[in-house]
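Enquirer: the sequence and its predicted three-dimensional model are supplied below.
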Amino acid sequence: MSSVIEFLERLGTDALLRHASQEDIAVALEESRVDADVGAAIIARSTSELYALLGQRPMFHVQNNPGREEEEEEEEGEEDEEAPSQRKLAGLPSARRTAVAQG
């Protein structure tokens with residue numbers, strides 16, 4: 001497996017190899033002594049097949065908070081429901097707001 005990792009590292013750092021034709025990648029794989037099945041997955045750019053052959057799983061997971069968006073929409077809706085006097089005060093400078101609110 002270390003030869004596979006070394007080859008993938010080389011593939012990622014060498015721009016010429018990364019954008020090389022499938023034939024050039026196949027030659028580089030032969031030189032690296034990577035197993036034929038793994039090499040075929042690399043040439044095909046099949047990450048799922050490569051993970052399966054190496055017995056690995058992706059090392060990331062997308063997380064989302066489905067309730068979060070609804071909460072933000074409710075908060076935005078609450079701002080629209082302010083009393084008309086509150087909306088008028090919001091547009092005034094802070095010193096003026098204090099004087100209007102007190103008087």
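Expert: Yep, that arrived. Numbers count the residues shown, from 1 in each chain.

Enquirer: could you point out which element follows the helix or strand that contains residue 23?
Expert: Assigned by DSSP states H and E, residue 23 belongs to helix 22-32. Sequence-wise, the next helix or strand downstream of helix 22-32 (DSSP H and E) is helix 36-43.

Enquirer: got the angle for that next one vs helix 22-32?
Expert: 140 degrees (axes from the mean of the first three to the mean of the last three Cα atoms, to 10 degrees).

Enquirer: next SSE after helix 36-43?
Expert: Under the assignment DSSP H and E, the closest C-terminal helix or strand after helix 36-43 is helix 47-54.

Enquirer: now do the buried residues in that following helix.
Expert: Residues of helix 47-54 classed as buried by neighbour count (16 or more other Cβ atoms under 10 Å): 50, 53. Quick note: C-beta positions are derived from backbone N, CA and C, even for glycine.

Enquirer: swap in stretch 10-22?
Expert: For stretch 10-22, the neighbour count (16+ other Cβ under 10 Å) marks residue 11 as buried.

Enquirer: for that stretch, measure first residue to last.
Expert: Terminal residues of stretch 10-22 lie 15 Å apart, using Cα to Cα, to the nearest Å.

Enquirer: show the average pLDDT along that stretch.
Expert: Stretch 10-22 carries an average pLDDT of 89.

Enquirer: residues in contact with that stretch?
Expert: Under the criterion Cβ atoms under 8 Å, 6 or more residues apart in numbering, residues 24-25, 28, 32, 42-43 lie in contact with stretch 10-22.
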